[in-house]
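J.: model the structure of this input:
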Amino acid sequence: DLLADLAAVLGELTVPAADLPPLLAAYAPQWVPYRSLTGKALREQLAELGVKVPSTGNKWPVSPELIREALANRPTTDDDAS
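T.: Numbers count the residues shown, from 1 in each chain. Modelled structure (predicted):
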């Protein structure tokens, strides 16, 4: 789960999108897609999830608040219901 993994690697720090793929790969080394992920591809995947990463000095900072908000606002599925 990309959003949950991002929440875990970000902690309380805002990190440029380009710096996140290596952190994700180290966090989940068994997840092959993280090994070749780029900052641009990460931003595109986040956009597909409805998460808009702002451009600030061409750094594209990803904040933990942004990810927590996306996690809280994503739709639930029947599988999530108990």
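J.: where along the chain do the strands fall?
T.: Ranges of strands in the chain, per DSSP state E, are 15-16, 61-62.
J.: nearest residue to A47 other than its sequence neighbours?
T.: Using CB to CB, 6 or more residues apart in numbering and skipping the chain neighbours, the partner closest in space to A47 is V53 (7.6 Å). C-beta coordinates here come from the backbone N, C-alpha and C atoms, glycine included.
J.: now that neighbour: phi and psi?
T.: phi -90, psi 120 (degrees, to the nearest 10).
J.: and it, what does it touch?
T.: 17, 43, 46-47, 60-62, 66 (CB atoms under 8 Å, 6 or more residues apart in numbering).
J.: out of those, grab the one that's most surrounded.
T.: In terms of neighbour count, V62 stands highest of the contacts of V53 at 26 neighbours, by other CB atoms under 10 Å.
J.: so how far is G50 from it?
T.: 14 Å (CB to CB, to the nearest Å).
J.: now swap in S63 and tell me
T.: Following CB to CB, the distance that separates S63 from G50 is 15 Å.
J.: now distance to R74 and mean pLDDT too, for the strands of the chain, in a markdown table please.
T.: Converted to a markdown table, these look like this (distance: least, CB to CB, whole Å; pLDDT from 0 to 100):
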| stretch | distance to R74 | mean pLDDT |
| --- | --- | --- |
| strand 15-16 | 21 | 95 |
| strand 61-62 | 16 | 96 |
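J.: please name whichever of the ones you listed is nearest to L6.
T.: strand 61-62 (6.8 Å; CB to CB).
J.: mind listing the strands that closest one pairs with, and their directions?
T.: For strand 61-62, the paired strands and their directions (DSSP bridges) are strand 15-16 (antiparallel).
J.: neighbour-wise, which of S63 and G50 wins?
T.: Taking other CB under 10 Å, S63 and G50 do not tie; S63 has more neighbours (15 against 10).
J.: sweet, I'm off.
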